[in-house]
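> Sequence and predicted model, in that order:
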Amino acid sequence: MTDIILFGPPGAGKGTQAKILVKRLGIPQISTGDMMRAERKSGSELGKKFESFMTQGLLVPDELVLELFAQRLQKDDAQSGAIFDGFPRTVAQAEALDATLAKLDRKVDHVIALEVPVEPVIERITGRRVCLSCGHTYHMRYSPPPPSGKCVECGATDIVQRADDTEEKVRTRNSAYHENTFPILAHYEPGGAVSRVDGIGSVEEITERVMNALG
Ligand code: AP5
């Protein structure tokens, strides 16, 4: 049983590393951002509530996030652990996560804090493209989509830039990270769960650092 938080500013590489860890560790990625985008795409009432916060680069209120998270953790594939990507984002969300895991006789075993300064973050995010069909992530410089425009994972042709991936929105998201999310490290540090990992380097180098931190 392993529960891991992949922590870091927007664009730190949480989603990229989470997808690799899913294959290596056999536990699912739980990304509140991906779940919210899927909910918006479905046109549900809940999805409509997320919309204005996300397009402005602001955090979605805790009560809406926790509703979504609680439903996801109940699914069968998350019974032996999970990789939390982009969650928790506030100390209140961290406390709710701890309480939910404790009821299942689980705890946050590792917090992997990917450290990337703001300028590389902006370069990574403004260059990011995402397949709307399967969620596969590209970067126009480091891992561009093929010239055919077909996704290498699923063959779909709807590879787009996220609406919140402009420089202005990234700066807003980065401020929200420093104000609301960064204090979570102090919440987990006394328990010895936090490992700080240099997030600059190739994807493969960072995976090896993460695996070392996980022991
Ligand atoms: P969310 O979707 O969680 O976005 P984020 O945390 O801002 O993180 P990103 O997905 O932008 O970045 P990432 O760290 O996953 O980087 P990636 O691997 O893609 O949240 C979006 C919004 O939803 C929030 O603003 C908020 O409104 C809302 N929200 C979500 N969860 C919430 C919560 N719990 N509470 C409240 N609100 C919430 O990499 C980025 C790019 O860099 C890619 O192009 C990738 O290919 C490239 N890249 C990755 N690694 C490397 C490398 N080593 N070298 C070069 N390029 C790299």
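Received it, and whenever you're ready, just let me know what you need. Numbers count the residues shown, from 1 in each chain.
> all helices of the protein, in order?
With DSSP state H as the criterion, the chain has helices at 14-25, 32-42, 45-56, 62-73, 91-103, 118-126, 167-176, 184-188, 203-214.
> quick one: average confidence on the fifth one?
Across helix 91-103, pLDDT averages out at 96.
> Touching that helix from outside, list them.
The contact list for helix 91-103 (C-beta atoms under 8 Å, 6 or more residues apart in numbering) reads 3, 62, 65-66, 69-70, 73, 84, 87-88, 107-108, 183-184, 187-188. All C-beta spots, glycine's among them, are computed from the backbone N, C-alpha and C.
> swap in stretch 136-144?
15-16, 124, 127-131, 145, 151-154, 159, 203.
> what sits against the residue in the chain positioned nearest to the ligand?
Distances between the chain and the ligand by C-beta to the nearest ligand atom are smallest at G33, namely 2.0 Å. Contact analysis of G33 by C-beta under 8 Å, 6+ apart lists G15, D85, G86.
> cool, and F50?
Per C-beta under 8 Å, 6+ apart, neighbours of F50: M36, E39, R40, V60, L64.
> what about the third one, how many residues close to it?
When you say that, I think you mean R40. 17 (other C-beta atoms under 10 Å).
> Correct me if wrong: it contacts M54.
Yes - R40 is within contact range of M54, at 7.4 Å (criterion: C-beta atoms under 8 Å).
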